[in-house]
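1. Requesting a structural model of the entry that follows:
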Amino acid sequence: MDQQQKERLAELKNQTRFFRERLVYNDLLLLLEYDPQVQDLIRALLPVNPAPQQAAESAEEASKPPKALVMPEVEEALVAAPAMPVMPDPLPSPADIFYQDFAAARAFLAQVQADAEIAELWLLAEETPAAALMRLLARASQWDQVLEVWDILASRCKRQARPATSTESHILQSALAYYNLTLNQRQAGLVTPPCPGGFDHQIHTRATAQGETVYQVWLPGIENAAGKLQKKPLVATR
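-> Here you go, the predicted model:
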């Protein structure tokens with residue numbers, strides 16, 4: 001080792017200057033060849049008399065890209081370094097929130113448009129989507145319209161001898177929800193009696209001709225904001 005290498009090695013070993021300047025390739029070679037600490041670290045990483053299985057594993061590991069050696073001082077610095085903060089997802093813009101709020105209304109409109117009988121009640125034939133949506137919300141939010149669409153669905157269920165479909169139930173629920181937006185405190189609601197249960201003509205509407213035991217609700221009833229039953233649940237009995 002010549003004088004220049006000795007001076008450079010001394011500089012690298014100087015704790016006060018270590019890592020303040022970038023190491024170059026020759027510096028790494030110098031440390032590997034002459035620095036006992038680096039040599040001991042490398043020896044510690046090498047297995048002693050590996051077993052056959054370990055030798056096979058070592059051969060497999062040797063085919064992988066070499067891992068970088070980390071000096072103790074660097075490892076301590078990495079551990080002590082503060083973790084990078086996790087950035088939260090960006091908040092939706094007011095426009096995004098606006099359109100998300102109207103997503104349920106647009107789905108409601110699509111369901112009504114697909115139901116010819118209810119579409120005839122609430123919509124006009126030739127309208128833009130925006131006009132149709134505004135008309136639907138204006139009509140469906142009226143109490144008499146909520147009761148009328150219940151009558152339409154109840155008659156349909158009786159005629160076809162079946163419970164209301166999920167789409168029909170959603171149309172009724174949506175109309176009632178938009179009506180409730182016109183109220184300040186109390187809310188109207190749907191009434192679903194327990195099943196099985198005894199039939200009571202004062203609180204049930206019979207969907208089938210016979211039977212005194214309620215086994216299925218075909219269409220929930222409706223009570224007004226004062227809690228009075230306006231439409232009795234349509235139930236099937238046996």
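
2. make it CA atoms for all contacts and neighbour counts henceforth
-> Noted.

3. Lowest-scoring secondary structure element of this protein by mean pLDDT?
-> helix 52-62 (a mean of 56; mean pLDDT, DSSP states H and E).

4. Okay, domains of the chain per the record?
-> 1-48, 105-237 (automatic domain parsing).

5. The protein: helices as residue ranges?
-> Taking DSSP state H as the test, the helices found in the chain are 3-13, 25-34, 36-45, 52-62, 72-80, 94-101, 103-114, 116-122, 129-140, 143-160, 166-180.

6. per-residue confidence averaged over the second one?
-> Mean pLDDT, helix 25-34: 67.

7. Over to the shortest one?
-> When pLDDT is averaged over helix 116-122, the result is 97.

8. for it, packing partners?
-> Judged by 3 or more C-alpha pairs under 8 Å, 6 or more residues apart in numbering; DSSP states H and E, the packing partners of helix 116-122 are helix 103-114, helix 129-140.

9. then it to PDB, C-alphas only?
-> Extracted in PDB, the C-alpha atoms of helix 116-122 (Å, rounded to 0.1, in the frame of the first residue of the first chain):
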ATOM      1  CA  ALA A 116     -94.100   1.300 -18.100                       C
ATOM      2  CA  GLU A 117     -97.000   1.600 -15.700                       C
ATOM      3  CA  ILE A 118     -95.100   3.800 -13.100                       C
ATOM      4  CA  ALA A 119     -93.300   5.700 -15.900                       C
ATOM      5  CA  GLU A 120     -96.700   6.700 -17.300                       C
ATOM      6  CA  LEU A 121     -97.700   8.000 -13.800                       C
ATOM      7  CA  TRP A 122     -94.700  10.100 -13.200                       C
END
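
10. longest strand anywhere in this protein?
-> Criterion DSSP state E: the longest strand present in the chain is strand 213-219.

11. partners of that one in the sheet?
-> strand 197-198 (antiparallel), strand 234-237 (antiparallel) (DSSP bridges).

12. Right, I'll leave it there.
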